[in-house]
Structures are given as C-alpha cells and as structure tokens.
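Trainee: Return atomic coordinates for the entry below.
(chains A and B)
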Number of protein chains: 2
Amino acid sequence: MAEELVLHEDPRSGNCYKIRLTAALLGKPVERRSYDILRGETRTPAFLSQVNSNGRIPVLQVGTRFLPESNAACWYLAEGTPLVPADAFDRADVLRWMFFEQYSHEPNIATLRFWLLYVGEGNLTAHQRDQIMAKRAGGEAALALMEDHLATRDWFVGDRVSLADIILFAYTHLCEAGGFRLGEHPAVCRWLRRICALPGFVAMDDR
Amino acid sequence: MAEELVLHEDPRSGNCYKIRLTAALLGKPVERRSYDILRGETRTPAFLSQVNSNGRIPVLQVGTRFLPESNAACWYLAEGTPLVPADAFDRADVLRWMFFEQYSHEPNIATLRFWLLYVGEGNLTAHQRDQIMAKRAGGEAALALMEDHLATRDWFVGDRVSLADIILFAYTHLCEAGGFRLGEHPAVCRWLRRICALPGFVAMDDR
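Mentor: I've put the predicted structure just below:
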C-alpha cells in the first residue's frame, strides 16, 4: 500500500503549487496543510521540530518522513511515471532544466513576484531594492533562454511533456506579478497554453 | 558501447570539480577540455554555438549531446551506481540536498570564493559589495544546517556515501577561500575527511 502523502504548503507559493500540479496530473491524492509564511507560521517551534528545521515550505510528508525542496518532492511523485523519461540522457536533461529553474529562474522571477505582490515595493529594505535591477535582468535572461529553446520545440525535453515543463510552468505563468511581460515571449505563451490543456491540469488557487 | 564523455570545464570551478570527482569515484573516464572563464573563453561564438548557448560551464558532452548544469551531469554519471540509492525516498532525498546545494549553498559560498579569490575584493562592483553581508549570512546558515544534520550522521542520506555528499563536498571544502571558517563546524570537518578517504578520491587541481 502506498504511504500517505501530506503537503505542508502556503497556497500562494509557486514552489508548493508545482507539487500539487504534479500530483494532480498523475492522479495521486495529496492531503494539504496550509501555513501563512507572512505570519511566521513556518517558524513556530512545532513546525521547526516536526516538519522542517530550517522553517521552509514546501515539505512533502511521505508517511512519517519529510522531504523538503519542491523539485525533489516533484521527482519523488513523478519517478517511474511518463513525466520522467525512460532514456537516461533525457532523464538527466529533465534535471538540467529543474536545476536551471532553481538557480537561474526562481531566485529572480519568484522573488520579484513575492516582493512586489506580497511584501509591497514600499516595504522593501534598501538591500532588497538594490537587488531589483539584477533580478530583473536575471529573470529576463531566463525567459529569453526558454523562448529560444521553445522556438523550435513543443516541450523542454524530447517530444512530450515531462517534469521539466511542470517545474518551469509554476513561476513562469505567474511572472507578470513580478513585472515581467509574457507578451514578449510568444513561444513561451504557446507552451503555457499547452500545459493548461493537459488532462488533469489544476490552476493555482490565487490566480 | 558507452558513449564518449567530454567535460567542458574551468579547472578552478567547484561545479566542474564535482563532475570529475563523481567520475573518478565511479572509475568512469572523462576527457577534459579547459576554458578560462575570466578571459571570456566560454563567450566565444564557437563555444556559444557548439557547447552552451548561455556561455556557462560545466557542460558534460555525451557523444554528440550536451548537458549543462553540474548536478544534472553528476546525476547522469551516477544513476544506476551505488552513489544513487535504490530506495525511492532516499533517491529523492539525495536530490533534496542537491537542490539545497544549488539554491542555498553555492550562490553564497561559491560566489564569495569567486569574488574574493579570483575577482579580488578591490575590483568588486558596488552592487557586489552590497551583497557580501547577505551572502555571508546565507553561507553560514547553509553550513550550520549541514553541521546540525551531520552531528548525528556520517553521511547526508542513509548510512553510506551518496551523490549528495559529493555535490556538497565541492564548495564546502573550498569555503575558507570565501572567508568561512571550517573550524567552527567540527562535524562538517569530520565528514570532509571521510570523503577525502574514499577509494578513487581525486583532489581539485588548484587547492
């Protein structure tokens, strides 16, 4: 019998949404427990001692074990399904895009969305304001790389949807909340629509 | 017959060293091609058109295909070997530490080493200097999390060495060049010595 899956999440987080979307596309039931990160609900002694000692979400609970890092949680759900390719090079290439997402995409695109949408530009620290231009440039470069890749392909790896697409969808489809303009990236827009049309697709709650 | 492996690298990069160390521990031969990133050798038209259109190294060439992202390249080499656990949760847990490394460790610890050792503190831009304190704090938090995890364990996942250890070793063992103090993290130091003692271990060229 499969172990019970519980997602410890903030529903406004794209990193949490990735896991729900992966589970939904695969038809795997996941129980959801919500925390408000802006109210410090992932910094309580109970959360730190039981769920994640560094106070971050998402965490996927598998039975009595806890798995932080959104992309690792998605891999756990998707391994052995058609979302992870059978070919060894393609499988590593899916991970290549997942590491690109966490290194070059999320720290720029997701952070600007969080700052502008939830913190508010007027509430940013001077140090945060100093980083806006660099994060804007980094996010634009990530979107340009995606546009270039998708100009001649329907999906990031091979000729069908993979976990790479799901991971990159999460914050790309929310990027305008961080001040990026999707209209400048037509191949990215067509790819976003392909994902929204997948059987089992679920939208993020707060769109 | 296995496809020929070529590592496009700068020998001073810990991200490149990870791949060589993984290959060495597994006894897999990899041909090395060196580029000097400080001289722009990964920004030439030939490199951009043939190896990686975003001008970054490392790239692992597998026959005629190219795989960017150091941790994806290591996964390609290690999948199916004892460095990637047979248990599905443990396998995802290895990826959890690999994503932690690229999100919370490398951008702080490796970047400060690059700035202080190769760029030189006096040559940093004002924007880079403004980031030093935040990167110092982020790197210290990453090392503290590792110290806490290793206080009761010999290895990051399960009871034997895995790819998670190799990935985290690369920039942790170089962290003092970025101004971090290994002596404050005794469990991390014992773990570093365990890795150096592994059969097949190779040191980084420029230590």
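
Trainee: Quick check: which element contains the closest residue to residue A:134 other than its chain neighbours?
Mentor: Ranked by CB to CB, 6 or more residues apart in numbering or on different chains and with sequence neighbours excluded, the top spatial neighbour of residue A:134 is residue B:127, at 6.5 Å. For every residue, glycine as well, the C-beta is placed using N, CA and C. Using DSSP states H and E, the element containing residue B:127 is helix B:126-150.

Trainee: What residues does chain A have near chain B?
Mentor: A:53-54, A:62, A:65, A:67-73, A:75-76, A:79-80, A:88-89, A:91-93, A:95-96, A:98-100, A:102-103, A:106-107, A:127, A:130-131, A:134, A:141, A:145, A:148 (CB under 8 Å from any CB of the partner chain).

Trainee: Mind checking which of the residues you listed land in strands?
Mentor: Cross-referencing the residues of chain A next to chain B against strands under DSSP state E gives A:62, A:65, A:67, A:68.

Trainee: Just the pLDDT at the third one, thanks.
Mentor: When you say that, I think you mean residue A:67. In this prediction, residue A:67 carries a pLDDT score of 97.

Trainee: picking up where we left off before, so which of the ones in strands among the residues of chain A next to chain B is the most crowded?
Mentor: Neighbour counts for these, by other CB atoms under 10 Å in any protein chain shown, peak at residue A:67, which reaches 23 neighbours.

Trainee: Bridged to that residue, which residues?
Mentor: Per DSSP bridges, the residues bridged to residue A:67 are residue A:60.

Trainee: Which residue ranges of chain A form helices?
Mentor: Assigned by DSSP state H, the helices in chain A fall at A:14-26, A:45-50, A:70-78, A:88-100, A:111-113, A:126-150, A:163-172, A:186-196.

Trainee: Out of those, which is closest to residue B:10?
Mentor: Of all the helices of chain A, helix A:88-100 sits nearest to residue B:10, with 18.2 Å by CB to CB.

Trainee: quick one: contacts of stretch A:28-35?
Mentor: A:4-11, A:19-20, A:23, A:41-42, A:47, A:57, A:60, A:77 (CB atoms under 8 Å, 6 or more residues apart in numbering or on different chains).

Trainee: out of those residues, which are buried?
Mentor: Neighbour counting by 16 or more other CB atoms under 10 Å in any protein chain shown classes A:5-10, A:19-20, A:23, A:42, A:47, A:57, A:60, A:77 among the contacts of stretch A:28-35 as buried.

Trainee: I'd like those residues as a markdown table, with distance to residue B:162 and pLDDT appended.
Mentor: A markdown table is the format used below for the buried ones among the contacts of stretch A:28-35 (distance: CB to CB, whole Å; pLDDT from 0 to 100):
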| residue | distance to residue B:162 | pLDDT |
| --- | --- | --- |
| A:5 | 23 | 97 |
| A:6 | 25 | 98 |
| A:7 | 25 | 98 |
| A:8 | 25 | 97 |
| A:9 | 27 | 96 |
| A:10 | 30 | 94 |
| A:19 | 23 | 98 |
| A:20 | 28 | 97 |
| A:23 | 26 | 97 |
| A:42 | 27 | 94 |
| A:47 | 27 | 94 |
| A:57 | 25 | 94 |
| A:60 | 19 | 98 |
| A:77 | 20 | 98 |
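
Trainee: how about a markdown table for those residues, with distance to residue B:200 added?
Mentor: Below are the buried ones among the contacts of stretch A:28-35 laid out as a markdown table (distance: CB to CB, whole Å):
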| residue | distance to residue B:200 |
| --- | --- |
| A:5 | 38 |
| A:6 | 40 |
| A:7 | 39 |
| A:8 | 39 |
| A:9 | 41 |
| A:10 | 43 |
| A:19 | 36 |
| A:20 | 42 |
| A:23 | 39 |
| A:42 | 41 |
| A:47 | 41 |
| A:57 | 38 |
| A:60 | 34 |
| A:77 | 34 |
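
Trainee: Break chain A down into its domains, please.
Mentor: A:5-78, A:88-196 (automatic domain parsing).

Trainee: Distance to residue B:192 for those - can I get that in JSON lines?
Mentor: As requested, those are exported to JSON lines (distance: least, CB to CB, whole Å):
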{"stretch": "domain A:5-78", "distance to residue B:192": "21"}
{"stretch": "domain A:88-196", "distance to residue B:192": "23"}
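
Trainee: mind checking which of those domains is nearest residue B:190?
Mentor: domain A:5-78 (20.3 Å).
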